[in-house]
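# what's the 3D shape of this:
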Amino acid sequence: MHKIIAANWKMYKDRTEAATTAGEIAAALPEVLPKERQVLVFPPVTAIECVAQAFHGHKSLAVGAQNFYPAPEGAFTGEVSVGMLRDVGAEWVLAGHSERRHVFGETDEMVARKAIFALSHSLKTMLCIGETLEEREQGNLYAVLERQLTAFFMARPEGMAGDALVGRLAIAYEPVWAIGTGKVAGPGEVREAHGVTRALLEKFIGETGKKLPVLYGGSVKPDNAGALIALDNVDGLLVGGASLEAQSFLQIIGA
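Next up, the predicted model:
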């Protein structure tokens, strides 16, 4: 299984800044990329096309979108469709990032609907799950992850069997309490959460659940990336602020 190193640039970078950073990553990648790794960047929607152009011809690089609306078209002012995203070069989408859930109020059901829609329209999907500090302190880690994953797996259509998800769906565990706070889950906490996630995947789709990558996201930086990616049940990293500078992200890619 390839390890995935993904960058979420959130609401940062205009087209020029994004193209420059993407170009620096593409130029340096052959020297820093370990074997069996894939690199994804989720830029702002306005910069997807220029990042895709910078990544063109690099098999280990791909670009994705941070958000979209689950309809092919329609009277949805301000929204973006998956067809529009594919048209500018997106191959991946994020669904269920903690900021979409907790800032914009997306429910488990909406997240599931979006993930299923993207997958059914030929976009690979990174489904984000994770608990708040209050939920963790109350001992609800398993219950929260189960609830979030149940919404997706119970709603998927019959044609979206477990095997059909391999190579198309990744799970990103992101403890909400560690996003943008500088706090990082310790090795034991990461192993526990990823173990719970893997067990739930196997509960829903059996042995195929072992084939879906589970990434860690939560204040990942160059100085902790190596220890995190070395954990035996971590299949990649979802990086926020530390991915905004090319050199910082390249250090994480090569960790």
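# next structured bit after the helix or strand bottoming out on mean pLDDT in the chain?
Each helix and strand of the chain was given a mean pLDDT (mean pLDDT, DSSP states H and E); the minimum falls on helix 133-137 at a mean of 88. If you walk from helix 133-137 toward the C-terminus, the next helix or strand you reach (DSSP states H and E) is helix 141-155.
# Would you indicate which residues of that next one are buried?
The neighbour-count criterion (16 or more other Cβ atoms under 10 Å) identifies Leu141, Val144, Leu145, Glu146, Gln148, Leu149, Ala151, Phe152, Phe153 as the buried residues of helix 141-155. For every residue, glycine as well, the C-beta is placed using N, CA and C.
# Extract the C-alpha set from that helix and format it as CSV.
The C-alpha coordinates for helix 141-155 follow below in CSV (Å, rounded to 0.1, in the frame of the first residue of the first chain):
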residue,chain,number,x,y,z
LEU,A,141,-13.6,7.9,20.7
TYR,A,142,-15.1,4.6,19.4
ALA,A,143,-18.6,5.9,19.4
VAL,A,144,-17.8,9.0,17.4
LEU,A,145,-15.7,7.2,14.7
GLU,A,146,-18.3,4.5,14.5
ARG,A,147,-21.1,7.0,14.0
GLN,A,148,-19.2,8.9,11.3
LEU,A,149,-18.2,5.8,9.4
THR,A,150,-21.6,4.2,9.7
ALA,A,151,-23.2,7.2,8.0
PHE,A,152,-21.0,6.5,4.9
PHE,A,153,-21.0,2.7,4.8
MET,A,154,-24.7,2.3,5.5
ALA,A,155,-25.7,4.9,2.8
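# hmm, back to that, between the buried residues of helix 141-155, which is nearest Met110?
Set against Met110, the nearest of these by Cβ to Cβ is Ala151 (9.0 Å).
# how much space between the closest one and Pro34?
For Ala151, the distance to Pro34 under the criterion Cβ to Cβ, to the nearest Å works out to 34 Å.
# Assign the residue lying farthest from the centre of the chain to helix, strand or coil.
The outermost residue of the chain relative to its centre, with distances by Cα atoms, centre = their mean, is Ala75 at 27.9 Å. Taking DSSP: H, G, I helix; E, B strand; the rest coil as the rule, one finds Ala75 in the coil state.
# buried set for the least confident helix or strand of the chain?
Applying a neighbour-count criterion of 16+ other Cβ under 10 Å, the buried positions in helix 133-137 are Glu135, Arg136.
# Give me the distance from it to the chain's centre.
22 Å (Cα atoms, centre = their mean, to the nearest Å).
# what helices or strands is that helix leaning on?
Helices and strands touching helix 133-137, as assessed by 3 or more Cβ pairs under 8 Å, 6 or more residues apart in numbering; DSSP states H and E, comprise helix 141-155.
# what mean pLDDT does the helix it packs on have?
Along helix 141-155, the predicted confidence averages to a pLDDT of 97.
# Mind exporting the C-alpha coordinates of the helix or strand just after it to CSV?
Helices and strands here follow DSSP H and E; after helix 141-155, the next one along the chain is helix 162-165. What follows is helix 162-165 as a C-alpha-only set of coordinates in CSV (Å, rounded to 0.1, in the frame of the first residue of the first chain):
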residue,chain,number,x,y,z
GLY,A,162,-15.8,-2.9,-0.6
ASP,A,163,-13.5,-4.0,-3.5
ALA,A,164,-14.8,-1.1,-5.5
LEU,A,165,-13.4,1.3,-2.9
